[in-house]
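Q: I need the structure of the sequence given here:
(one chain, ligands or ions: 1)
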Amino acid sequence: MRLDRFLSMRGIDSRKSIKKVIRDGRVQVDGKTVYDFAMSIDGNSVVVMDGVQIQNEPYVTLMMNKPEGYMCSMKDEHYPSVMNLVPENYRKRVRMVGRLDNDTTGLLLLTDNGVLNARLASPKHGIPKTYHVEVNHILKPELEEAVKYPIDIGKGEVAHVDSLTILDEYHATITVHEGKYHEIKRIFGKFSYDVIRLERIAFGPLSLGGLSLGTCRLLTREEYFSLLASVRLRQEDLL
Ligand code: URA
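A: Numbering: from 1, shown residues only. Sure thing, here's the model as predicted:
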């Protein structure tokens, strides 16, 4: 990875002023002052700026259990952003992977790996997402069969459900892989149900597990590599 990109991804400064910082001789790589902002560094390089070693960990990817009432946008007049729940040292670095509605809870990924983010969000890669749903009236068993066919969800869009399992009268799990706007609410709406609670419990190979509502954690190495593999990436492709 280029040195200027490495520094900007760590939220050091804007790309333009990073170039100046490097030209001014304020950055050392592996003990030597460097002036070439395009020089290539890797996961083993020791990068020091103004005498302070910059954390050279690989990309940061976090899993959040998003609570209700938080927006998946940077700023909103009425509700706080989910970014407020991200530990401060990562807040400037990471971006959300897709969005959840204000009233949806559950698994939200945030990463500073732009390639990974784009692939996870792209319908081309069709990452499966599983939701736990509560509806406003009794679920009919026929629904499990009905969703096996393409569903016209309005505005010229058709949804495809990978699977739906009715858990009890008012609860079901549903897996989709397209990520259309308000997809789950529109699918259930088509069959005259209002979704009264929606929680994302899995994203690709990752599950929410016991992560407490409103908290974030870094992915484990295994989770991170399985996420890369789910969109046909390898760590080496990203350096
Ligand atoms: N589908 C919805 O309707 N809302 C979400 O937040 C996610 C999927």
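
Q: Please count neighbours and contacts with C-alpha atoms only from this point.
A: Fine.

Q: So which bits of the chain are right by the ligand?
A: Residues of the chain lying close to the ligand by C-alpha under 6 Å from any ligand atom are Leu100, Asp101, Thr104, His182, Glu183, Ile184, Lys185.

Q: I'd like to know how many residues surround the spatially closest residue to the fifth one that is not a sequence neighbour.
A: Leaving out its chain neighbours, the residue that sits closest to Glu183 by C-alpha to C-alpha, 6 or more residues apart in numbering is Ala159, at 7.4 Å. Counted with other C-alpha atoms under 10 Å, the burial measure for Ala159 works out to 21 neighbours.

Q: With Ile22 instead?
A: 20.

Q: for Glu68, same thing?
A: When counting by other C-alpha under 10 Å, one arrives at 19 neighbours for Glu68.

Q: which residues does it contact?
A: Counting by C-alpha atoms under 8 Å, 6 or more residues apart in numbering, Glu68 touches Asn102, Asp103, Thr104, Thr105.

Q: Also Arg186?
A: So Arg186 contacts Ile153 (C-alpha under 8 Å, 6+ apart).

Q: which SS state does it fall under?
A: The three-state assignment at Arg186 reads helix, by DSSP: H, G, I helix; E, B strand; the rest coil.

Q: roughly how far apart are it and Tyr193?
A: Distance, Arg186 to Tyr193, by C-alpha to C-alpha, to the nearest Å: 9 Å.

Q: Contacts for stretch 1-18, please.
A: Lys19, Phe37, Ala38, Met39, Ser40, Ile41, Asp42, Lys92, Arg93, Asp112, Leu238, Leu239.

Q: Nearest to the ligand among those?
A: Asp112 (21.7 Å; C-alpha to the nearest ligand atom).

Q: Low-confidence ranges, the protein, go.
A: Within the chain, the stretches with pLDDT under 70 are 11-15, 55, 57-58, 76, 236-239.

Q: Neighbours of the residue of it at minimum distance from the ligand, how many?
A: Closest to the ligand within the chain is His182: 3.2 Å, counting by C-alpha to the nearest ligand atom. As a burial measure, His182 scores 12 neighbours (other C-alpha under 10 Å).

Q: PyMOL command for the buried members of the contacts of stretch 1-18?
A: Buried members of the contacts of stretch 1-18, defined by 16 or more other C-alpha atoms under 10 Å, are picked up in PyMOL with:
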select buried, resi 19+37+41+92+93+112
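
Q: Closest to His125 out of the contacts of stretch 1-18?
A: Leu238 (17.7 Å; C-alpha to C-alpha).

Q: Any buried residues in stretch 85-97, and which?
A: By neighbour count on 16+ other C-alpha under 10 Å, the buried set for stretch 85-97 is Leu85, Val86, Tyr90, Lys92, Arg93, Val94, Arg95, Met96, Val97.

Q: Which members of the residues you listed are positioned in helices?
A: Secondary structure from DSSP state H places Tyr90 of the buried residues of stretch 85-97 in helices.

Q: Can you show me the helices along the chain?
A: 3-9, 15-23, 88-91, 114-121, 143-146, 183-190, 221-230.

Q: Give me the buried stretch members for the last one, please.
A: Counting neighbours by 16+ other C-alpha under 10 Å, one finds that the buried residues in helix 221-230 are Tyr224, Ser226, Leu227, Leu228, Ser230.
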